[in-house]
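> output the structure for:
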Amino acid sequence: MKNGSSEPLDERRRRWLIATSAVGAIGSVAAVVPFVDSFAPPASAKAAGAPVRADLGKLAPGSMMTIAWRGKPVFIVNRTDEMLAAVLKANPMVADPHTEHPFSIPLPAYCSNEYRSRPEHRNLLVVIGVCTHLGCTPLPRFQSGAQPSLPDDWPGGFLCPCHGSTYDLAGRVFKDKPAPQNLDVPRYMFASSTSIVVGQDEKGEA
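Numbers count the residues shown, from 1 in each chain. Next up is the predicted model:
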């Protein structure tokens, strides 16, 4: 009788252990999933680094617009022929004319030219508007010639209001300035003849 009655008891105990173990495992998974999800970046963080599209339809020659990408200002300048000529004039005045020492991101290969722009749209300058000295935002000073805080032979470009660093109309820093490097050029591409995408090119997102 003892042997006959012990077998059903052991069987019931085995089933009870299996059932409670399964419930415990499910509970553990339910607890872990939210914990793992907490490591995933929120949608707002992903959006902050996403490519940004800008409409160039109203960007007149000689003017600039500013957009935000990854929390930084990006300058888009529609340079005139005179401004492009000023870039060549500034070659002997700038510290790194060929951007051999980029600041925080590599210069895109398609912008590795005298104008630091895409050859098919050489008039369009796209640079991150963050001074490479201490991170201030440079101001446009496109008019050439003598002006306050600028030299008499000023060819046009950008002036950092914090410590006086100056950049030409290709975003290259002038010699003997606090800023050590040129303004960064982000990866970008044209979505149409009148729109640009910053933070993405033919190779994908930056």
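> domain assignment for the protein?
Here the domain parsing of the chain from automatic domain parsing is 1-40, 46-205.
> what about the last one, distance to the chain center?
In other words, domain 46-205. In terms of C-alpha atoms, centre = their mean, to the nearest Å, the centre of domain 46-205 is set 13 Å apart from its chain centre.
> sheet partners, orientation included, of the helix or strand hosting Ile67?
Here Ile67 sits within strand 64-69, counting by DSSP states H and E. Here strand 64-69 has these sheet partners by DSSP bridges: strand 72-78 (antiparallel).
> so for the partner strand, what gets flagged as buried?
For strand 72-78, burial by neighbour count (16 or more other C-beta atoms under 10 Å) applies to 74-78. All C-beta spots, glycine's among them, are computed from the backbone N, C-alpha and C.
> of the residues you listed, closest to Val87?
Taking C-beta to C-beta as the measure, Val87 sits nearest to Val77 out of those, at 10.9 Å.
> my read: that closest one touches Met64, true?
Yes: checked against C-beta atoms under 8 Å, the pair Val77 and Met64 is within contact range at 4.6 Å.
> residue boundaries of the helices in this structure?
Counting by DSSP state H, the segments of the chain that form helices are 2-37, 43-48, 81-90.
> quick revisit: winner for burial among the domains of the chain?
Compared across the domains of the chain, domain 46-205 shows the largest average neighbour count, a mean of 17 (mean count of other C-beta atoms under 10 Å).
> my guess is Tyr167 contacts Leu183. True?
Yes: the criterion here is C-beta under 8 Å, and Tyr167 meets it with Leu183 at 5.8 Å.
> which neighbours do those two share?
Taking C-beta atoms under 8 Å, 6 or more residues apart in numbering as the contact criterion, the residues that touch both Tyr167 and Leu183 are 138, 158, 173.
> returning to that earlier point: can you list the domains of the chain in TSV and add mean pLDDT?
Below are the domains of the chain laid out as TSV (pLDDT from 0 to 100):
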stretch	mean pLDDT
domain 1-40	46
domain 46-205	96
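> list the contacts for the closest residue in space to Arg79 that isn't next to it in sequence?
Once flanking residues are discounted, Arg79 sits nearest to Asn123: 4.8 Å by C-beta to C-beta, 6 or more residues apart in numbering. When contacts are counted by C-beta under 8 Å, 6+ apart, Asn123 touches 61, 78-80, 84, 117.
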